[in-house]
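> Structure for the following, please:
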Amino acid sequence: MLVVDADPQGNSTNGLSASLEEGQLTTFDLMNSTQTGRAAEAIVATEWDHVDLIPTDSQLANIESDGSNDLIFRLDIAFEGVDLSSYGLVLFDCPPSLGKILFSVLCAADGVVAVTEPTIDAVDGVVKLSETIELVRRRPNPSLAFDKIVVSRKRGTGEHSFREGELRSEFGDLVARTVIPDLAARQDAHSARTPIHKHKGGKSLRLQVAYDDLLQELRQEVSA
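Model (predicted):
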């Protein structure tokens, strides 16, 4: 799998514990250039098995103030001609805001899996994302698919159950059956920069089962 960190916060870059050398190309470099196929030069190995990364840094936030007319196409251009056949999946980790970075990713991607917490703003946020996806479909990327909505970090409260119900009422089968619970083991694994499957204990096991179930569901229902 190739992970493309398109979030200025860099959680994927930090969590995958990649060793970055001075001068390493980042997602910012790809979006700050019109060079074709440059993504191939930005790929680095990580300490996770079978996972490579295109890292990010805080400079990526500057893209939001870039007024270039061709900005939204640059990420797509960066991947043009790059041989990705060795990867079963290319995953873009995006910021939660509906800005230029996300729009650029949508122009380069084949499909979208939206991850949301079951809060009061969840339905409104996913509706806005859906509208953005439809906008991208009209011109830059007609084949872009809205594949799934994943409810994550759900706690066992009435409020979270109610908000999850709102999402399912609004979006139906687009919402994944599998729900990711809000457990401290997730943050423990991220802090340790290791896969949740390498951690022991009941709460870690619950997350392992949830992520495995989600992966299986996505494989069955999301077209490649």
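> My reading is that K200 lies in a helix. Confirm?
No: K200: not assigned to a helix; according to DSSP: H, G, I helix; E, B strand; the rest coil it is coil.
> For it, what are phi and psi?
phi -110, psi 170 (degrees, to the nearest 10).
> What pLDDT is listed against it?
Note on K200: pLDDT of 90.
> Please give the number of neighbouring residues around it.
9 (other CB atoms under 10 Å). In this view, the C-beta of every residue, glycine as well, is placed from N, C-alpha and C.
> next one: I54
29.
> Contact partners for it?
Contacts of I54 were listed using CB atoms under 8 Å, 6 or more residues apart in numbering, and they are L2, V3, V4, D5, L25, T26, T27, L30, A39, A42, I43, V44.
> Mark which of those are buried, thanks.
L2, V3, V4, D5, L25, T26, T27, L30, A39, A42, I43, V44 (16 or more other CB atoms under 10 Å).
> got any ranges where the chain has weak pLDDT?
Across the chain, the ranges flagged by pLDDT under 70 are 223-224.
> can you give me the helices for it?
Using DSSP state H, the helices of the chain run over residues 11-15, 27-31, 39-42, 74-79, 100-108, 122-138, 158-171, 184-192, 202-221.
> which one of those lies closest to A114?
helix 122-138 (5.7 Å; CB to CB).
> and the closest one with helix 100-108, angle?
Calculated by axes from the mean of the first three to the mean of the last three CA atoms, to 10 degrees, helix 122-138 forms an angle of 50 degrees with helix 100-108.
> Tell me the helices and strands packed up against helix 122-138.
helix 100-108, strand 111-116, strand 145-151, helix 158-171 (3 or more CB pairs under 8 Å, 6 or more residues apart in numbering; DSSP states H and E).
> nearest spatial neighbour of the most centrally placed residue in the chain, skipping sequence neighbours?
Against the mean C-alpha coordinate of the chain, by CA atoms, centre = their mean, the closest residue is D93 at 2.9 Å. Distances taken as CB to CB, 6 or more residues apart in numbering put S12 closest to D93, at 4.4 Å, once the chain neighbours are dropped.
> Tell me how many other residues crowd the one you found.
The burial count for S12: 22, using other CB under 10 Å.
> So it sits against A18, correct?
No: S12 is not in contact with A18 according to CB atoms under 8 Å; the separation is 9.2 Å.
> I appreciate the help and will end here.
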